[in-house]
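Visitor: I would like to see how this sequence folds:
(chains A and B)
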Amino acid sequence: GAVVSQHPSRVICKSGTSVKIECRSLDFQATTMFWYRQFPKKSLMLMATSNEGSKATYEQGVEKDKFLINHASLTLSTLTVTSAHPEDSSFYICSARQGAIYNEQFFGPGTRLTVL
Amino acid sequence: ILNVEQSPQSLHVQEGDSTNFTCSFPSSNFYALHWYRWETAKSPEALFVMTLNGDEKKKGRISATLNTKEGYSYLYIKGSQPEDSATYLCAFMGGGSNYKLTFGKGTLLTVNP
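Guide: Residues are numbered from 1 along each chain as shown, chains lettered A, B, ... in the order given. As a prediction, the model looks like this:
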């Protein structure tokens, strides 16, 4: 099956610093990539959708200046959490889709971000 | 805000038992229903994508049914094995401008040997 990698798997940073998370589709070209966030005991919440070469579409309530998404190629999308604060501590997970809108999404293993 | 509910939240069964759980979703503007299996420390794995009312899909011992008119899907596991222990997520995709996945909180299945 299709493989999506995500790095780092875990990161601890100081308040005010920026953190970049990479999401790569290893064996297919992802026309669309998604970034989700999960708080404890909550469901995966979509943050933004990105298509290669175009600006990401952010969900309501997600600050685009805080969560910068770049989708420079068909195999790589990055999420940068800028000026991170403790309330940004969460589990972030990406997924990638190839082709049709209803196709399954292939997920990375996620990144646990802790902001001190 | 779309409401996708999964029940039960968690389930403990013995090896060899068959089990099933439910995903409820809006019955209007349906486009697709996804099921994923998520083991701890691993990536969620796609099980099924269901698009047609009455659809039934099967992968090994796992099968799923879909009722779009009443807004529910069942996931069945026959003869559960310890390696089936995982969180099972369903995700609803609505049509129109909202071709995004809305996830339920999942059902955590533990299969005891």
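Visitor: Just give the closest residue to B:Phe30, not the sequence neighbours.
Guide: Spatial nearest neighbour of B:Phe30, chain neighbours left out: B:Thr68 (4.5 Å); criterion: C-beta to C-beta, 6 or more residues apart in numbering or on different chains. In short, each C-beta sits where N, CA and C put it, glycine included.
Visitor: can you pull the contacts of the one you found?
Guide: B:27, B:30, B:33, B:52-53 (C-beta atoms under 8 Å, 6 or more residues apart in numbering or on different chains).
Visitor: The same query, at a cut-off of 7 Å, please.
Guide: By C-beta atoms under 7 Å, 6 or more residues apart in numbering or on different chains, the contact set of B:Thr68 is B:27, B:30, B:53.
Visitor: For chain A, what lies in contact range of chain B?
Guide: Applying C-beta under 7 Å from any C-beta of the partner chain, one finds that chain A approaches chain B through A:4, A:42-44, A:46, A:49, A:101-109.
Visitor: Emit the PyMOL select command for whichever of the contacts of B:Thr68 are buried.
Guide: PyMOL command restricting the contacts of B:Thr68 to the buried ones, with burial defined by 16 or more other C-beta atoms under 10 Å in any protein chain shown:
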select buried, chain B and resi 30
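Visitor: pLDDT below threshold where in the chain?
Guide: Picked chain A for this. Low-confidence regions of chain A, defined by pLDDT under 70, span residues A:1.
Visitor: You answered for a different chain; I wanted chain B.
Guide: Counting by pLDDT under 70, chain B has low-confidence residues at B:97-98.
Visitor: Distance of A:Pro86 relative to chain B?
Guide: Here A:Pro86 is placed at a distance of 24 Å from chain B (C-beta to the nearest C-beta, to the nearest Å).
Visitor: That residue: how many residues sit nearby?
Guide: Neighbourhood size, A:Pro86 [other C-beta atoms under 10 Å in any protein chain shown]: 9.
Visitor: Apart from its chain neighbours, what residue comes closest to it?
Guide: Leaving aside its sequence neighbours, A:Pro86 sits nearest to A:Val115 (C-beta to C-beta, 6+ apart; 4.9 Å).
Visitor: List the residues that contact that neighbour.
Guide: For A:Val115, the contact set (C-beta under 7 Å, 6+ apart) comprises A:13, A:15, A:84-86, A:88-89.
Visitor: now do A:Ser90
Guide: A:Ser90 makes contact with A:37-39, A:113 under the criterion C-beta under 7 Å, 6+ apart.
Visitor: Now the terminal residues of stretch A:37-51, how far apart.
Guide: End-to-end span of stretch A:37-51 (C-alpha to C-alpha, to the nearest Å): 18 Å.
Visitor: thinking again about what came up before, so which of the contacts of A:Val115 wins on neighbours?
Guide: Using other C-beta under 10 Å as the neighbour test, these are led by A:Ala84, with 22 neighbours.
Visitor: which residue packs closest to the closest residue to chain B within chain A, ignoring adjacent ones?
Guide: Of all residues in chain A, A:Glu104 sits closest to chain B, at 3.6 Å by C-beta to the nearest C-beta. Of all residues not flanking A:Glu104 in the chain, B:Ala46 sits nearest, at 3.6 Å (C-beta to C-beta, 6+ apart).
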